[in-house]
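Enquirer: turn this into a structure:
(chains A, B and C)
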Amino acid sequence: MSIITLTTDFGFDNWFVGTMKGVIKSINPDAEVVDITHGVRPHNISEAAFILRNSCSYFPPGTIHTVVVDPGVGSKRHPIIIKTRRYYFVGPDNGVLSYAIDSEEVEAIVKIENQQYLLAPMSETFHGRDVFAPVSAYLSVGVEPREFGSHLKEVMRLTPSVPRKISDREIVGHILCVDTFGNLITDVTARLVEELFSLSKARRLRILIRDREIAKLCRTYSEGKENELIALIGSSGHLEISVNRGRAADLLGIGEGEKFILKVV
Amino acid sequence: MSIITLTTDFGFDNWFVGTMKGVIKSINPDAEVVDITHGVRPHNISEAAFILRNSCSYFPPGTIHTVVVDPGVGSKRHPIIIKTRRYYFVGPDNGVLSYAIDSEEVEAIVKIENQQYLLAPMSETFHGRDVFAPVSAYLSVGVEPREFGSHLKEVMRLTPSVPRKISDREIVGHILCVDTFGNLITDVTARLVEELFSLSKARRLRILIRDREIAKLCRTYSEGKENELIALIGSSGHLEISVNRGRAADLLGIGEGEKFILKVV
Amino acid sequence: MSIITLTTDFGFDNWFVGTMKGVIKSINPDAEVVDITHGVRPHNISEAAFILRNSCSYFPPGTIHTVVVDPGVGSKRHPIIIKTRRYYFVGPDNGVLSYAIDSEEVEAIVKIENQQYLLAPMSETFHGRDVFAPVSAYLSVGVEPREFGSHLKEVMRLTPSVPRKISDREIVGHILCVDTFGNLITDVTARLVEELFSLSKARRLRILIRDREIAKLCRTYSEGKENELIALIGSSGHLEISVNRGRAADLLGIGEGEKFILKVV
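Expert: Numbering: from 1, shown residues only, chains lettered A, B, ... in the order given. Below you'll find the model as predicted:
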């Protein structure tokens, strides 16, 4: 088995992703390419990092996770391979892989240097095709990471958004992203919510966002009434603000980066 | 061979579908996942039902058709498996599978209950990942439907849009959906058109929609002149209103649900 | 190995592409379908031709490249197969395959006529499903092109956009398309730029577009400053006008078809 996943900001309306798949199949006809998404907003490294973190661990051991969100393509940022106990990660060393490896055991980091595994002539503007696709394909046929270049000690890390604690009962959280359904996914984890309840012996949660107050912590979306803002713990283990069959993002008129106050009472 | 098709409203810009594929490949590395679409409008059960009905029968026998358009996720609607003579259908019991099975011979309906085949811990908000993906994958390795839970006698049925007959020569039809090209697909079937002609001995068809009249029943889109509204029998066996290289939906300024009068004269 | 690539204007929100894949897998369960894109703008034959040309040669020999951008579906344009030394191309004879075969050695052109390899009943509006999918699948199991119909001498050719030479130092170029990142891809090739420099012994390039002047020929996007228009040779071997982490198309407010002057000085 050799699965290669792709996560990019290449969009869906052009030849970029299809070309990468052609390169992969030319090197390893047996590789199976699985798209995670190609709809990362252009150049949005932290969005891609969050998407990869939420999905990578559901794949079988041995999967090669390849990410190309690479505004610095051709510049001095290195293309890298990270081998963890379970997976390989391939992408530019710009932080895009850093959330994913937080919960993996890193075994090796390699700078991709060996021209033998790259397409020639190599463009300076499309490393998805000329670097990341062939390297992923060669990994999938069993080429060892060390064959691709020299070892690195560290990779670039993104600074994740984290809630700011005001008291044992109150924090300031942030909207991380808006999903397809208009749900607002926050940087408040299920664990942090539990901790607040347990420290404070409080029973109820209250969220203040814009001029609205949310007092209902639900288990499912369908517990909300029409146009009612609710909170729940979403499938990635983060607190979400939602509307049953509606779009919380539109109802509140807010998006990524917005702050809110969460208290337990 | 074990093909699993996916039809969802998850969109293309996130990790939802990729994660489902990871779950499937972790259980059955040999499963082949084929996307029908992930662009169903959020929560639009009847749209998904229509899409599945138009495509499912073109797949080889044994295919597992999995649909996740599930606004009631985590609530009391059941996740189900329907085994027909040719296929398996997997999804929530909210009507989304009901058009597809109209033309299949149903052999068994099973309520998905057996925790052994679900992901643990199971979220209440992402059954695509935690219920429908693993169940589809276990079906694809040969687990019998009865192993997943108890039998059900019936499934929820949607009430399909049907034209209303005014006379032997006249009906009121409805727009079912607008396709990529702006064609208006109606609930008038080829069979109904034939029936009207045969009962009335009429020769020509006339459609009154908004303030426009369409008098041309074509065989192909390209028979229409520039900006001319035409009617034809589309590839799903339904009457369509179209414009050659143009968008009928935009020209008429209408969409899903709109009524029109069809007469034979 | 039997790879079938698909390039269409069917979009992502319906059953069209999924249905084609069902037809293919029903005929050849071992065929591997790779999407190039389904986001060609509706009826845009030259866009599809350019996309195919930019990607097809990265696939392994034996690949079947199938393109369905077919505004004349059901009319007298022929469905064709083109066998080249390395690939098969399948699509309507409306020019959509013509850029791709410019750099391939054509061995045979066949008009698809043999009903045996088509779906029955055949619609006049969805040849993707009823003609191009089954023909691609039969090719992938080894049916010889000549089995599908009679030979043709020529195919329809599109007239590509080409720059107009004003002098040894000056040309008028055109914008071919805008990519996902807002880069403006032009009809000026790397070879033409080299030629201008070599003929004129000039050292620098200057582009006049709208009321702006671009004087910087970069190697990578990241060499540009914020909001600075730059030029570079893109990965398809064409001159591009770009903005580092921005959108040149939006900054200039222009798109496909726009003219510009390029001089060497």
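Enquirer: write out the residues of the stretch 101-250 of chain A neighbouring chain B.
Expert: Neighbours of chain B within the stretch 101-250 of chain A, by CB under 8 Å from any CB of the partner chain: A:179-182, A:219-223, A:232, A:234-235, A:240, A:244-245. Backbone N, C-alpha and C define where each C-beta goes, glycine included.
Enquirer: in PyMOL, how would I select just the buried ones from the residues you listed?
Expert: A single PyMOL command is used to select the members of those judged buried by 16 or more other CB atoms under 10 Å in any protein chain shown:
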select buried, chain A and resi 179+180+181+182+220+221+222+223+232+234+235+240+244
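Enquirer: of the residues of the stretch 101-250 of chain A next to chain B, which belong to strands?
Expert: Residues of these located in strands (DSSP state E): A:232, A:240.
Enquirer: would you map the strands across the stretch 101-250 of chain A?
Expert: Applying DSSP state E, counting those that start in this stretch to the stretch 101-250 of chain A gives strands spanning A:106-111, A:164-167, A:170-178, A:184-189, A:205-209, A:212-214, A:217-218, A:229-233, A:238-243.
Enquirer: among those, which is the most enclosed?
Expert: Mean neighbour count, computed with mean count of other CB atoms under 10 Å in any protein chain shown, is highest for strand A:238-243 among the strands of the stretch 101-250 of chain A, reaching a mean of 25.
Enquirer: and the pLDDT for the closest residue to chain C within the stretch 101-250 of chain A?
Expert: Nearest residue of the stretch 101-250 of chain A to chain C: A:F126, at 3.4 Å (CB to the nearest CB). A:F126 is assigned a predicted lDDT (pLDDT) of 96.
Enquirer: residues contacting stretch A:200-213, please?
Expert: A:168-169, A:193, A:196-197, A:214-215, A:217, A:229, A:231, A:241, A:252-254, A:258, A:260-265 (CB atoms under 8 Å, 6 or more residues apart in numbering or on different chains).
Enquirer: repeat that for stretch A:248-263.
Expert: Residues outside stretch A:248-263 that contact it (CB under 8 Å, 6+ apart) are A:163, A:166, A:169-178, A:182-184, A:186, A:188, A:193, A:196, A:205-210, A:212, A:227, A:229, A:239, A:241-243.
Enquirer: just give me how far it sits from the chain centre.
Expert: 20 Å (CA atoms, centre = their mean, to the nearest Å).
Enquirer: got the buried residues for that stretch?
Expert: By 16+ other CB under 10 Å, the buried positions in stretch A:248-263 come out as A:248-249, A:251-252, A:254, A:256, A:258, A:260, A:262-263.
Enquirer: may I see the buried residues of the helix or strand bottoming out on mean pLDDT in chain A?
Expert: Lowest on mean pLDDT, DSSP states H and E among the helices and strands of chain A sits helix A:190-200, with a mean of 92. Neighbour counts over helix A:190-200 (16+ other CB under 10 Å) mark A:192-193, A:196 as buried.
Enquirer: which of the residues you listed sits closest to B:D102?
Expert: Distance to B:D102, by CB to CB, is smallest for A:V193 among the buried residues of helix A:190-200, at 45.3 Å.
Enquirer: show the contacting residues for the closest one.
Expert: A:205, A:233, A:239, A:262.
Enquirer: between which two of those is the distance greatest?
Expert: Top of the distance list for those (CB to CB): A:I233 and A:L262, 12.6 Å.
Enquirer: find residues that contact each of these two.
Expert: Here A:I233 and A:L262 have A:193, A:239 as joint contacts, going by CB under 8 Å, 6+ apart.
Enquirer: what does the stretch 101-250 of chain A put close to chain C?
Expert: With CB under 8 Å from any CB as the criterion, the stretch 101-250 of chain A meets chain C at residues A:123-126, A:129-130.
Enquirer: which two of those residues have the greatest separation?
Expert: A:E124 and A:R129 (11.8 Å).
Enquirer: tell me which of the buried residues of helix A:190-200 is nearest to C:P61?
Expert: A:L192 (55.0 Å).
Enquirer: what's the closest non-adjacent residue to that closest one?
Expert: A:P163 (6.6 Å; CB to CB, 6 or more residues apart in numbering or on different chains).
Enquirer: same question for A:S98.
Expert: Distances taken as CB to CB, 6+ apart put A:R157 closest to A:S98, at 4.6 Å, once the chain neighbours are dropped.
Enquirer: give me phi/psi at the residue of chain A most remote from its centre?
Expert: Most distant from the centre of chain A: A:K201, at 33.6 Å, with distances by CA atoms, centre = their mean. The phi and psi values for A:K201, taken as degrees, to the nearest 10, are phi 60, psi 20.
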